[in-house]
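[1] whatever this is, show me its structure:
(one chain, ligands or ions: 1)
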Amino acid sequence: MSGTSQDPRAALRERQGPGARYDSPHAPARELARARLGTAYIARCLDQLTDAQLDGPSLLPGWTRRHLVAHVGYNARALSRLVEWAGTGIETPMYASPAQRDAEIQRGATLPARALRSLFAHSATHLDVEWRDLPGPAWDARVRTAQGRMVPARETAWMRTREVWMHAVDLDSGARVGDFPPDLLGELLADVLRAWERRGERADLTLAPRGGEPVVVGSGGPTVTGTPSALVRWLTGRGTYGVTSDSDGLPVVPRWF
Ligand code: ZN
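    Residues are numbered from 1 along each chain as shown. Below is the predicted model:
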């Protein structure tokens, strides 16, 4: 018996036959797993909503749930374009312009409920297939985000992760930031701080997550306390519930995006 036949992955491949396809070994496995878990999470949230409830407001100002579902679907398509770009070398931006992106969401929000649901499902599946078929070296090919940053294609996994998890909450059908995996909360917090730094936006405060290590931002300043999920909610612009400061009121912080 050869050594490899005892490897469960190899055994699975053998059972599935030569037609089955897998992520490249160079793909960011952990990040992709989290993005896929988030896609399943938001899909469940969407399933819990009736067609009539899609007309109701999301937690994002000015957007109904229809706008949000359309946005999440078009985001998957836009990220698929980046993965295709990485694979082919032919530049295909996420969106032609911010105006095109917004117009697409407005139009998408008017789709019949069934079409809106299939936009969400098909676009997510398409992105997953693009990820699965991206060859190893292409994961490091550079592509441009909607904010104009050049990033390796592997970053599309994180870009999708934060979209699906946060917007699951924004759908307002029961998902809560408090239900996120703890390591995801840490990544989201770090993402917010990186975004401030990239834009050169200054903030001075100390984040004191309950049960975790304090994080000093800028020169420190007031200490802001809350559970990790409450701090993430606050830092991502989703409300101040459960967050307290040792100074007069909460400090004003820059936006996330
Ligand atoms: Zn979004």
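
[2] could you dump stretch 59-75 to CSV, C-alpha only?
    The C-alpha coordinates for stretch 59-75 follow below in CSV (Å, rounded to 0.1, in the frame of the first residue of the first chain):
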residue,chain,number,x,y,z
LEU,A,59,-29.9,48.2,8.0
LEU,A,60,-27.9,50.3,5.5
PRO,A,61,-29.3,53.8,5.1
GLY,A,62,-31.3,54.4,1.9
TRP,A,63,-31.2,50.7,0.8
THR,A,64,-34.0,48.2,0.9
ARG,A,65,-33.1,44.5,1.3
ARG,A,66,-33.6,44.4,-2.5
HIS,A,67,-30.7,46.9,-3.0
LEU,A,68,-28.5,44.9,-0.6
VAL,A,69,-29.2,41.5,-2.3
ALA,A,70,-28.5,43.1,-5.7
HIS,A,71,-25.3,44.6,-4.4
VAL,A,72,-24.0,41.3,-2.9
GLY,A,73,-24.8,39.6,-6.3
TYR,A,74,-23.0,42.2,-8.3
ASN,A,75,-20.1,42.2,-5.9
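
[3] and it, what's its mean pLDDT?
    Model confidence over stretch 59-75 averages 97 on the pLDDT scale.

[4] show residues contacting it.
    The contact list for stretch 59-75, computed with C-beta atoms under 8 Å, 6 or more residues apart in numbering, reads 42, 46, 49, 53-58, 101, 104-111, 116-117, 119-120, 122-124, 160, 163-164, 167, 169-172, 238. (Glycine included, C-beta is placed from N, CA and C.)

[5] residues contacting the most centrally placed residue in the chain?
    The central residue of the chain, meaning the one whose C-alpha is nearest the mean C-alpha position (C-alpha atoms, centre = their mean), is Arg162 at 2.1 Å. Remark: with contacts taken as C-beta under 8 Å, 6+ apart, Arg162 is in contact with 188, 191.
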